[in-house]
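Trainee: sequence unavailable; structure follows:
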């Protein structure tokens, strides 16, 4: 079995990396890309962390692996229920490698909690509770790591973001990155795996909140100390990658990719305001005054700064995060479902849920009305414009059954949206449909975009840019490099354009019929789910 190392970079985009490479600020990535096949990597619809990483490592679309978002709407109630590794219904590449006798070191991949049994070791990534829990396989590995690295945490604490403590966040960001990658290097050296996977996920958090400090074209661009710290973090990742690759044997292939890209955001769309205005949502009697926000962003900013000044902001944020019910977007409690046809329940997933009779608890849309309601939504949503610019803010709309295929596509969101560049969604209601983009009273200036990054180097790999590459192409390409067969149920393709003819002749692609697979039985506790929900709320995903 051939060996491969995958170094993921959550949210990495050539829009950031290429300028820094051209300025010789990322010498190791410059060297790696120069000898590699590389590409813009097309992500999932929408470009979102859980479905994207899961699609990458399974080679399948969400309709086949069953992970669509951070949370899912239940057909039994109107709550949002968190998703996890347990929702994945198909094998990932580490399962295939383990089954074939290869050893695996898997660390910091989103949606791998609770950790599963592999031939090797696992440390789960984003979506892991921030307190005591079993986040390693084997379980005893956790204490071994903490004994050597007492400050180790499986993910960077999100409380720094929620509490608006940016200085401490940036300080912890770098130290966390160094410690965690050091743990990976030690595990890799100790286990000498056939497949090693590590994801640098801290840059995603950085770009959400500090994009305006880097991008001079952003309408709220400001050059501050954070501008240098933004660049320094990418240089740190570059340095760590360079040190690791320098000691890597020549016969190991190297792949690096991101789950989605990133770009500027300046405005939030409070879509439920629009759905309320258009009659798709009806509120409970007396709820309108309760949920309508009457203070402007500027006034909120003044309040936040005052609370920070007197030392109470952290306590207030902690209180608010803990009082929002776990698994529930607060505004859903104020909706009259007997008269509501459609609601935006997921900001992160950019999706709308219809309220369908005989499917949902209190349906208001008959099954024979679904198509007409969706067509009506499409017309109304594609007409939505920014009142300040006249620009249309929603550019594309899919039905879930159009975006996905497979036996789990029936659980997909009913409607999925794509926004114009610079616009993102915000859950709940506000005093206007479109406002400045904020989170926790501070600027939120970056958001996910469709195209991420892809790099592949090693024996038999051409150098140069590929015409196209998609997120689901990752798994079949990994398996082919390692000499393992590719399932005929995978939606992705082996990226043969990246390989020399001699390699392809010597290593013909092996396609096999899908082998039945079932995940081991496991679960997450209520307390673990509460902690994960607080993480997601801190980052604005719930």
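Mentor: Now that the structure is in, tell me what you want to look at. Small disclaimer: the values here were computed from a predicted structure and weren't measured.
Trainee: buried residues in stretch 358-377?
Mentor: 360, 363, 364, 365, 370, 373, 374, 376, 377 (16 or more other CB atoms under 10 Å). Backbone N, C-alpha and C define where each C-beta goes, glycine included.
Trainee: state the distance from the first one to residue 66.
Mentor: Relative to residue 66, residue 360 is positioned 19 Å away (CB to CB, to the nearest Å).
Trainee: what segments of the stretch 401-542 of the chain are helices?
Mentor: Secondary structure of the stretch 401-542 of the chain (DSSP state H, counting those that start in this stretch): helices located at 474-481, 501-506, 526-538.
Trainee: and if you look at the stretch 251-400 of the chain?
Mentor: Using DSSP H, counting those that start in this stretch, helices in the stretch 251-400 of the chain cover 271-277, 287-291, 297-309, 313-323, 370-382, 400-403.
Trainee: residues in contact with stretch 39-48: which ones?
Mentor: Stretch 39-48 has contacts (CB atoms under 8 Å, 6 or more residues apart in numbering) with 14, 51-52, 55, 61-62, 69-70, 257-261, 348-351, 398, 403, 416-418, 448-454, 465-471.
Trainee: give me the buried entries from the residues you listed.
Mentor: 14, 51-52, 55, 61-62, 69-70, 257-261, 348-351, 398, 403, 416-417, 448-454, 466, 469-471.
Trainee: any weak-confidence spans in the stretch 401-542 of the chain?
Mentor: 440, 520-542 (pLDDT under 70).
Trainee: my read: residue 495 touches residue 466, true?
Mentor: Yes - using CB atoms under 8 Å, residue 495 is in contact with residue 466, at 6.8 Å.
Trainee: quick one: common contacting residues for those two?
Mentor: With CB under 8 Å, 6+ apart as the test, residue 495 and residue 466 both reach residue 37.
Trainee: which stretches of the stretch 251-400 of the chain have low pLDDT?
Mentor: In the stretch 251-400 of the chain, residues with pLDDT under 70: 288-331.
Trainee: hmm, 50 instead?
Mentor: 293-300, 313, 317, 319-328 (pLDDT under 50).
Trainee: now the element after the longest helix along the chain, going C-ward?
Mentor: Counting residues, the longest helix found in the chain (DSSP state H) is helix 166-191. Next along the chain after helix 166-191, taking DSSP states H and E as the criterion, comes strand 195-200.
Trainee: and that next one, what does it pack onto?
Mentor: Packing partners of strand 195-200 (3 or more CB pairs under 8 Å, 6 or more residues apart in numbering; DSSP states H and E): strand 3-9, helix 93-99, strand 104-107, helix 166-191.
Trainee: hang on, the earlier thing: in the longest helix of the chain, what's buried?
Mentor: For helix 166-191, by 16+ other CB under 10 Å, it's 166, 169-170, 172-173, 176-177, 180-181, 183-185, 187-188.
Trainee: could I get these as a markdown table with pLDDT and distance to residue 279?
Mentor: Shown next, in a markdown table, are the buried residues of helix 166-191 (pLDDT from 0 to 100; distance: CB to CB, whole Å):
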| residue | pLDDT | distance to residue 279 |
| --- | --- | --- |
| 166 | 74 | 41 |
| 169 | 81 | 42 |
| 170 | 79 | 45 |
| 172 | 86 | 47 |
| 173 | 89 | 45 |
| 176 | 92 | 47 |
| 177 | 95 | 49 |
| 180 | 96 | 49 |
| 181 | 98 | 52 |
| 183 | 98 | 54 |
| 184 | 98 | 53 |
| 185 | 98 | 57 |
| 187 | 98 | 56 |
| 188 | 98 | 57 |
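Trainee: columns distance to residue 24 on top of these, output as CSV?
Mentor: Below are those laid out as CSV (distance: CB to CB, whole Å):
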residue, distance to residue 24
166, 28
169, 28
170, 24
172, 28
173, 23
176, 26
177, 22
180, 27
181, 23
183, 30
184, 27
185, 25
187, 32
188, 28
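Trainee: so which of those residues comes closest to residue 111?
Mentor: Comparing the buried residues of helix 166-191 against residue 111 with CB to CB picks out residue 180 as the nearest, at 17.2 Å.
Trainee: which non-adjacent residue is nearest the closest one?
Mentor: Closest residue to residue 180 apart from its sequence neighbours, by CB to CB, 6 or more residues apart in numbering: residue 108 at 6.4 Å.
Trainee: with residue 112 instead?
Mentor: residue 124 (4.5 Å).
Trainee: what's that neighbour sitting at in phi/psi?
Mentor: Here is the backbone geometry of residue 124 (degrees, to the nearest 10): phi -70, psi 160.
Trainee: contacts only, for it.
Mentor: 85, 108, 109, 112, 113, 114, 115, 135, 136, 154.
Trainee: state the pair within those residues that is farthest apart.
Mentor: Spanning the widest gap among the contacts of residue 124 are 108 and 114, at 14.9 Å by CB to CB.
Trainee: coming back round to it: compare the contacts of residue 124 and tell me which is most surrounded.
Mentor: Using other CB atoms under 10 Å as the neighbour test, the contacts of residue 124 are led by residue 112, with 30 neighbours.
Trainee: including distance to residue 508, could the helices and strands packed on strand 195-200 go into JSON lines?
Mentor: Putting the helices and strands packed on strand 195-200 into JSON lines (distance: least, CB to CB, whole Å) gives the following:
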{"stretch": "strand 3-9", "distance to residue 508": "18"}
{"stretch": "helix 93-99", "distance to residue 508": "18"}
{"stretch": "strand 104-107", "distance to residue 508": "25"}
{"stretch": "helix 166-191", "distance to residue 508": "30"}
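Trainee: the ones you listed: which one's closest to residue 338?
Mentor: Among the helices and strands packed on strand 195-200, helix 166-191 comes nearest to residue 338, with 43.8 Å by CB to CB.
Trainee: got the angle for that closest one vs strand 3-9?
Mentor: Helix 166-191 runs at 180 degrees relative to strand 3-9, counting by axes from the mean of the first three to the mean of the last three CA atoms, to 10 degrees.
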